[in-house]
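Trainee: How does the following fold in three dimensions:
(one chain, ligands or ions: 1)
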Amino acid sequence: MKIEGTSVGEITVEDGVIVAIDPAKKGALVALPGLVDLHTHLREPGREDAETVESGSRAAALGGYTAVCAMANTSPVADTAGVVEQVWRLGREAGLVDVQPIGAVTVGLAGEQLAELGAMADSAARVRVFSDDGHCVSDPRLMRRALEYVKAFDGVVAQHAEEPRLTSGAQMNEGVVAARLGLTGWPAVAEEAIIARDVLLAGHVGARLHICHVSTAGSVELIRWAKSKGWRVTAEVTPHHLLLTEERATHYDPVFKVNPPLRTQADVLALRAGLLDGTIDCVATDHAPHSVEDKECEWANARPGMLGLETALAIVVQTMGPLWDRIAEWMSAAPARIAGLRGQGEPLAVGSPANIAIFDPGVRWTVDPTAMASRSRNTPYAGMELRGRIEATYLRGEPTVLNGKATR
Ligand SMILES: NC(=O)N[C@@H](CC(=O)O)C(=O)O
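Mentor: Residues are numbered from 1 along each chain as shown. Just a heads-up that it's a prediction; the model follows:
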């Protein structure tokens, strides 16, 4: 099979592997290694009304992804070998992207007792990333034990950094906008206090720590400092935190309610700078589908979270510019490395698995929530015109998206 008209040239694929690239035949379509999402909520098992492994996989493929890491806050929680294997199997059956389950750090995400980390690591799902995302592992002793435990198999603890005692009842970023709207604030210090503590713990233990959805300028500074010490710390930023600010809450539209909350323009600029200088390693979507009942209600009762998979690349290009080599690092190579995924995140080169995203940078399209592959509708970009769209996605040479449409 040949993929024509791309920025690297004509790509020849045989048996799922790139066997030739002819740079004499270049075109206008941008070819990127298949994207890898380190932070996806697929909602299955438990909330199949909001998303399933299959619908989320299709949304991912349409966004140019060939692998996603599925967060553990399902029902039941992915805190045993049985549940992570179930999610892994569902991903294989859907066959649209590689679905790599993330295991919970604590039993039931309750923050009281370590889950069976070793059993999940040894299972067929081969779990390497552990996270209580949605909840912070707030007990420092438990966090230390988790870091010590995962070190044995080069795993990583992905922390949702939120000191719960500082965010009780929080609805949006703490600041002048929250004061004006009369909503309880979620202060930057609640994120930064946990990051400060956990980079120190990771340094002390010598284990790998990953910080989920970094959202404040202060967090970027702390991570920069931790990296300067040589500690094994990585971090992600979401597309929405690279673009949107707390001002979006002004009309009380709960589609903009998210955890951590949208922050200030100064934070947005610091996050972009942190990504550019390598302090933040990667972009992860935090794709968080929610049903209409859970989302289209008054602000205080709405669940936090927004869709991300189908719009991520266009938003990153819009906010960071067409830095294709950097984007391949932020959205494919780095997340694959952090998650320890095999056969993903490799450069487009002869001998690499043919995991390829083809992006047409010229197409203009308007985001229509009803036209998305996700079972949910909570995109913050509804009605917005975006530039650039995935034209095709290949998973080990098999097209999962062609002409901008899912093949299955
Ligand atoms: N990021 C979100 O706003 N929501 C996440 C979990 C969470 O981090 O609260 C979800 O699972 O919906």
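Trainee: which parts of the stretch 101-250 of the chain sit against the ligand?
Mentor: Residues of the stretch 101-250 of the chain lying near the ligand by C-beta under 6 Å from any ligand atom: 133-134, 160. (C-beta placed from N, C-alpha, C; glycine too.)
Trainee: So which of those residues is the closest to Ala354?
Mentor: Using C-beta to C-beta, Asp133 is the member of those that lies nearest Ala354, at 31.0 Å.
Trainee: for the closest residue to the closest one other than its chain neighbours, what are its contacts?
Mentor: Residue nearest to Asp133 in three dimensions, not counting chain neighbours: His160, with 4.5 Å by C-beta to C-beta, 6 or more residues apart in numbering. Residues in contact with His160, defined by C-beta atoms under 8 Å, 6 or more residues apart in numbering, are 131-137, 212-213.
Trainee: Now the two most distant members of the residues you listed.
Mentor: Greatest spacing in the contacts of His160, by C-beta to C-beta: Val137 and His213 (14.9 Å).
Trainee: more neighbours, those two?
Mentor: The neighbour count for Val137 versus His213, taken as other C-beta atoms under 10 Å, is higher for Val137 (28 against 24).
Trainee: The more buried one and Val105 touch, don't they?
Mentor: Yes. Applying C-beta atoms under 8 Å as the test, Val137 and Val105 come out as touching, 5.2 Å apart.
Trainee: Considering only the stretch 1-150 of the chain, name the residue that lies closest to the ligand.
Mentor: Gly134 (3.6 Å; C-beta to the nearest ligand atom).
Trainee: who touches that residue in this structure?
Mentor: Contacts here follow C-beta under 8 Å, 6+ apart; on that basis Gly134 touches 71, 73, 109, 160, 259.
Trainee: do Thr52 as well
Mentor: Each residue near Thr52 by C-beta under 8 Å, 6+ apart is listed here: 42-44, 90, 375.
Trainee: Could you rank those by neighbour count and give me the top one?
Mentor: Leu42 (30 neighbours).
Trainee: Identify, by residue count, the longest helix of the chain.
Mentor: If you go by DSSP state H, the chain has its longest helix at helix 188-205.
Trainee: and it, average pLDDT?
Mentor: Throughout helix 188-205, pLDDT has a mean value of 98.
Trainee: elements contacting that helix?
Mentor: helix 140-151, strand 156-159, strand 208-211, helix 217-228 (3 or more C-beta pairs under 8 Å, 6 or more residues apart in numbering; DSSP states H and E).
Trainee: highest average neighbour count across these?
Mentor: strand 156-159 (a mean of 28; mean count of other C-beta atoms under 10 Å).
Trainee: Now do that one: everything it contacts.
Mentor: Outside of strand 156-159, the residues within contact range by C-beta under 8 Å, 6+ apart are 38-39, 102, 105, 128-131, 133, 136-137, 143, 146-147, 150, 194-195, 198, 207-212, 234, 338-340.
Trainee: what about the strands in the stretch 51-200 of the chain?
Mentor: Using DSSP state E, counting those that start in this stretch, the strands of the stretch 51-200 of the chain run over 65-70, 98-101, 129-130, 156-159, 172-173, 185-186.
Trainee: Highest mean neighbour count across the ones you listed, which stretch is it?
Mentor: Of all the strands of the stretch 51-200 of the chain, strand 65-70 carries the top mean neighbour count, a mean of 30, counting by mean count of other C-beta under 10 Å.
Trainee: can you dump the C-alpha coordinates of that strand into CSV?
Mentor: Only the C-alpha atoms of strand 65-70 are listed here, as CSV (Å, rounded to 0.1, in the frame of the first residue of the first chain):
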residue,chain,number,x,y,z
TYR,A,65,-4.5,8.7,17.6
THR,A,66,-3.2,5.1,17.3
ALA,A,67,-3.0,4.5,21.1
VAL,A,68,-4.8,5.8,24.2
CYS,A,69,-4.2,5.2,27.9
ALA,A,70,-7.5,4.6,29.5
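Trainee: Give me the contacts around that strand.
Mentor: So strand 65-70 is contacted by 34-42, 53, 56-57, 60, 78, 87, 91, 97-102, 129, 309, 335-336, 339, 341, 344-345, 355-357, 393-395, 400 (C-beta under 8 Å, 6+ apart).
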